[in-house]
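can you look at this prediction? I've put the sequence above it.
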Amino acid sequence: MRPTMTNIATGQTIPLAAQETPEHSHAHPHDHEHRSHSQADHEDHHHEKKTVLLEQAILSKNDRLAERNRGWLAERHILALNLVSSPGSGKTTLLEKTIADLQKEFPVSVIEGDQATLHDAERLRRTGCAVVQINTGAGCHLEADMVARGLESLQPSTQSVVMIENVGNLVCPALFDLGEQARVVILSVTEGEDKPLKYPHMFQSAHLVLINKIDLLPYLSFDIDQCLRYVNMVNTSAQVLQISAQTGEGLSAWYRWIQQHRSIGPDGKGL
Amino acid sequence: MHELGITRNIVNIVTEQAHGAKVTDVTVEIGKLSAIMPDAVRFCFDVVSQGTSLEGASLHIREIPGQASCHTCGITFPLEELYDSCPCGSRNITRLSGEELNIKDMVIV
């Protein structure tokens, strides 16, 4: 299945040319070998092996595109957040609530990543914000080029906030920089307090950890202090906030965090 | 399965750099703390390289063990997990290796 992008306002879906393996339309290398065999002089250099040093980061292409996104966003004073979590942590509910509460103060738009369906984008569209849905197909995470296409389609206004809801997955999205200003990991209390140790890459790369669904704590054996210790073992600098997107508890601290990051600005200067 | 994405990146970069020449060997470095499974990359490599100048090439994976240095006691020690602390108990450490994801070289004919 190929990745696609749907602009929820226009309903238009376009295929995203994800990193295809280039096909070679020019002469097949075997021709070359055959020719050398048929030649009477058997020139040796046709079979010479040559080692070519590459010394390149495997993710260099994604990293370059992510830097380009970062520059694009910084120029426009846009705060972009990469929201990551396992499926079912309450990311979309949190976004619905956040957008409803904040969009009177500044415009918020969403790049929504899922393997399939437009469900989440349609839910968020009802809040009145601009949304593009990226369906990654076989892919388990968003990549920087998908976000670039999403930004192109959304055309977010200057000084706005772009929420990038990554594919629900605590493994793969950790490796892929999207050009965001900050990475926010959402962990719900129904998932167990040891997730930070089980998925250290994700938690290590986070700037903020939101512990969601705290309204359910009375019914669970989730040890929140232990969870905080685990987060701290993996990442000493991440801020942690306890929230319930359902009841609204703790959301004001999350909104203050967003406001602070808006005023810091992507380039570290005030907006 | 982010190994598929990783492998596509390897094949794309090598194909670009080979400029159509036949590639017989590719060497990559994968850190043991990188969350990438070498076996999964090997599996994907055969599939992804089909129909490219890398088809049939041998993929050599150098696994790089994790290492860190401690700012408290000054030793260098092996790092089994990303969040390990120094044997002295300090967590004021700098990771030196283990997170590599690099393409080192290729052999072309």
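The structure has been received and is ready for your questions.

use CA for all of it now, contacts and neighbours both
Fine.

mind listing the strands for the chain?
You didn't say which chain, so I picked chain A. Assigned by DSSP state E, the strands in chain A fall at A:4-7, A:12-15, A:50-57, A:79-85, A:108-114, A:130-135, A:161-165, A:182-188, A:208-212, A:239-242.

wrong one, I was asking about chain B
Under DSSP E, chain B gives strands at B:23-31, B:58-64, B:67-70, B:76-78, B:93-97, B:101-108.

buried ones in the fifth one, by neighbour count?
The one in question is strand B:93-97. B:93, B:95, B:97 (16 or more other CA atoms under 10 Å in any protein chain shown).

of these, closest to A:Ala182?
B:Arg95 (22.0 Å; CA to CA).

re earlier: of the buried residues of strand B:93-97, closest to chain A?
B:Ile93 (11.7 Å; CA to the nearest CA).

tell me how many other residues crowd B:Pro87.
Neighbour count of B:Pro87, defined by other CA atoms under 10 Å in any protein chain shown: 12.

residues contacting the residue lying closest to it once chain neighbours are set aside?
Leaving out its chain neighbours, the residue that sits closest to B:Pro87 by CA to CA, 6 or more residues apart in numbering or on different chains is B:Phe77, at 8.0 Å. Neighbour list for B:Phe77: B:67-70, B:86-87 [criterion: CA atoms under 8 Å, 6 or more residues apart in numbering or on different chains].

list the contacts of the residue in the stretch 151-271 of chain A positioned nearest to chain B.
Of all residues in the stretch 151-271 of chain A, the one sitting closest to chain B is A:Val234 (5.0 Å; CA to the nearest CA). A:Val234 is in contact with A:196-197, A:200, A:203-204, B:82-83, counting by CA under 8 Å, 6+ apart.

of the residues you listed, which is the most crowded?
A:Phe203 (31 neighbours).

sorry, back to before: any chance of the buried residues of strand B:93-97 in TSV, plus distance to chain A and pLDDT?
TSV is the format used below for those (distance: CA to the nearest CA, whole Å; pLDDT from 0 to 100):
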residue	distance to chain A	pLDDT
B:Ile93	12	91
B:Arg95	13	93
B:Ser97	14	97
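
list the buried residues in stretch B:54-73.
Within stretch B:54-73, judged by 16+ other CA under 10 Å, the buried ones are B:54-70.

same check, this time on stretch A:6-16
A:6-8, A:16.

any idea how many residues pack against A:Thr236?
Residues near A:Thr236, counting by other CA under 10 Å: 12.

give the full set of residues in contact with it.
No contacts exist for A:Thr236 under CA under 8 Å, 6+ apart.

and with 10 Å instead?
A:204, A:229-230, B:91 (CA atoms under 10 Å, 6 or more residues apart in numbering or on different chains).

which of these fall within helices?
Using DSSP state H to define helices, the subset of the contacts of A:Thr236 located there is A:204, A:229-230.

can I assume A:Lys198 is in contact with A:Glu191?
No: counting by CA atoms under 10 Å, A:Lys198 does not reach A:Glu191; the two are 11.4 Å apart.

now do the same contact list for A:Asp225.
Contacts of A:Asp225 (CA under 10 Å, 6+ apart): A:193, A:231.

please report how far it lies from A:Val189.
Taking CA to CA, to the nearest Å as the measure, A:Asp225 and A:Val189 are separated by 12 Å.

do B:Ile93 as well
Taking CA to CA, one finds B:Ile93 at 30 Å from A:Val189.

what of A:Val131?
For A:Val131, the distance to A:Val189 - CA to CA - is 28 Å.

so A:Thr92 sits right up against A:Gln246, yeah?
No: with contact defined as CA under 10 Å, A:Thr92 and A:Gln246 do not form a contacting pair (11.0 Å).

out of those two, which sits in the busier spot?
Higher neighbour count among A:Thr92 and A:Gln246: A:Thr92, with 18 against 15, using other CA under 10 Å.

one step back: out of the strands of chain A, deepest packed?
strand A:130-135 (a mean of 28; mean count of other CA atoms under 10 Å in any protein chain shown).

low-scoring stretches of the chain, by residue?
All of this is about chain A. Chain A contains residues with pLDDT under 70 at A:17-47, A:265-271.

that's the other chain; I wanted chain B
Short version for chain B, where the test is pLDDT under 70: B:1.

which ones are touching the spatially most central residue of it?
Among the residues of chain B, the one closest to the centroid is B:Ile30, at 1.7 Å (CA atoms, centre = their mean). By CA under 10 Å, 6+ apart, B:Ile30 lies in contact with A:58, B:36-38, B:41, B:61-65, B:98-103.

check contacts around the residue lying closest to A:His77 once chain neighbours are set aside.
Leaving out its chain neighbours, the residue that sits closest to A:His77 by CA to CA, 6+ apart is A:Gln159, at 4.8 Å. A:Gln159 makes contact with A:73-79, A:106-108, A:262-263, A:265, A:271, according to CA under 10 Å, 6+ apart.

can you check B:Glu55 too?
Applying CA under 10 Å, 6+ apart, the residues near B:Glu55 are B:11, B:22-24, B:45-49.

and the gap between it and chain A?
Separation of B:Glu55 from chain A (CA to the nearest CA, to the nearest Å) stands at 11 Å.
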